[in-house]
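>>> 3D, please:
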Amino acid sequence: MSNVVIVDYGMCNLDSIARAVEECGGNPTVTDQPRELSNATQIILPGVGAFPDGMRNIRERGLESALNDEVIGNKIPFLGICLGMQLMANSGEEVEPTKGLGWINGDVVKLKAKGDDTRIPHIGWNVLEKTWDVPILEGIEEDRDFYFVHSYHIKVNNEDQIAAYTPYAGKFVSSVCHDHIFGTQFHPEKSQKVGFQVLKNFLKY
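Next comes the predicted model:
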């Protein structure tokens, strides 16, 4: 069974993602201790909130070096969810310019409304437009809806790191992939059956 370490850096309620991982066949461990990342077969970084708060909390807990050691050094499969995906970028502009983890070549910027019918933050259900057959989106049809809650998005510089777009506020990157590193702007744990399929795909990686 997969030993899935869910990183607790104080930015969201972790019960729902832990339950979802368990239902999908993984063995979740929620921790804020850097040393426990070395026991992971997969690592998940969830999160809701502001980019600078997230990075500050990660650094104050000593988690940044542990994440780099395991994800970049040991190539442990990684999934960033919502804010967790954004923190993989080079930087974020929310509140104040802040350096991110730098795993995805891009920067986090605010969504811009396109017309009177576009509301920011983007809250609710929306589709994915896949750019290629990334492993965690295997078997996901493009007319299936996922659940989003966000005001910012990653503007990705390398097109080969973009796994999917979502047609809202023009369009934004809603999933990224770089080797064994994955990210979803949507919440798979809140996206019912189709979201659980994403988690099951990740647990097989």
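
>>> you'd agree residue 76 is up against residue 45?
No. With contacts counted by CB atoms under 8 Å, residue 76 stays clear of residue 45, the gap being 11.7 Å. For the C-beta atoms, the positions are set from N, CA and C on the backbone; glycine is no exception.

>>> of these two, which one has the most company?
Remark: of residue 76 and residue 45, residue 45 carries more neighbours, 27 against 19, as counted by other CB atoms under 10 Å.

>>> over to that one: give its phi and psi.
Main-chain torsions, residue 45, degrees, to the nearest 10: phi -120, psi 100.

>>> kindly report the same for residue 136.
phi -70, psi -10.

>>> mind listing what it touches?
Taking CB atoms under 8 Å, 6 or more residues apart in numbering, we find residue 136 in contact with 79, 163, 175, 177, 182, 184, 198, 201, 202, 205.

>>> just send the residues you listed back as TSV, with neighbour count too.
TSV is the format used below for the contacts of residue 136 (neighbours: other CB atoms under 10 Å):
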residue	neighbour count
79	28
163	24
175	25
177	20
182	27
184	27
198	28
201	20
202	24
205	15
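
>>> could you look up the SS state of residue 139?
Look at residue 139: counting by DSSP: H, G, I helix; E, B strand; the rest coil, its state is coil.

>>> state the distance from it to residue 182.
In this structure, residue 139 and residue 182 are 15 Å apart, going by CB to CB, to the nearest Å.

>>> make sure residue 67 is indeed in a strand.
No. Looking at residue 67 with three-state DSSP, it is helix, so not inside a strand.

>>> tell me the pLDDT at it?
Residue 67 is assigned 98 on the pLDDT scale.

>>> got a list of what it touches?
Counting by CB under 8 Å, 6+ apart, residue 67 has contacts 7, 37, 43, 45, 58, 78, 101.

>>> can you classify the third one by secondary structure?
Looking back up the chat, that one is residue 43. Looking at residue 43 with three-state DSSP, the answer is strand.

>>> what count of nearby residues applies to it?
So residue 43, with other CB under 10 Å, has 22 neighbours.

>>> try the fifth one
The burial metric for residue 58, expressed as a neighbour count using other CB under 10 Å, is 26.

>>> residues in contact with it?
9, 64, 67, 87.

>>> highest neighbour count among those residues?
Ranked by neighbour count (other CB under 10 Å), the contacts of residue 58 have residue 87 at the top, with 28 neighbours.

>>> thinking that residue is in contact with residue 100, fair?
Yes. Counting by CB under 8 Å, residue 100 is a contact partner of residue 87 at 5.3 Å.

>>> picking up where we left off before, dump the contacts of residue 67 into TSV; add secondary structure, pLDDT and distance to residue 25 as well.
As requested, the contacts of residue 67 are exported to TSV (DSSP: H, G, I helix; E, B strand; the rest coil; pLDDT from 0 to 100; distance: CB to CB, whole Å):
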residue	secondary structure	pLDDT	distance to residue 25
7	strand	98	20
37	helix	97	21
43	strand	98	17
45	strand	98	20
58	helix	98	28
78	strand	98	18
101	coil	98	28
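
>>> cool, thanks, signing off.
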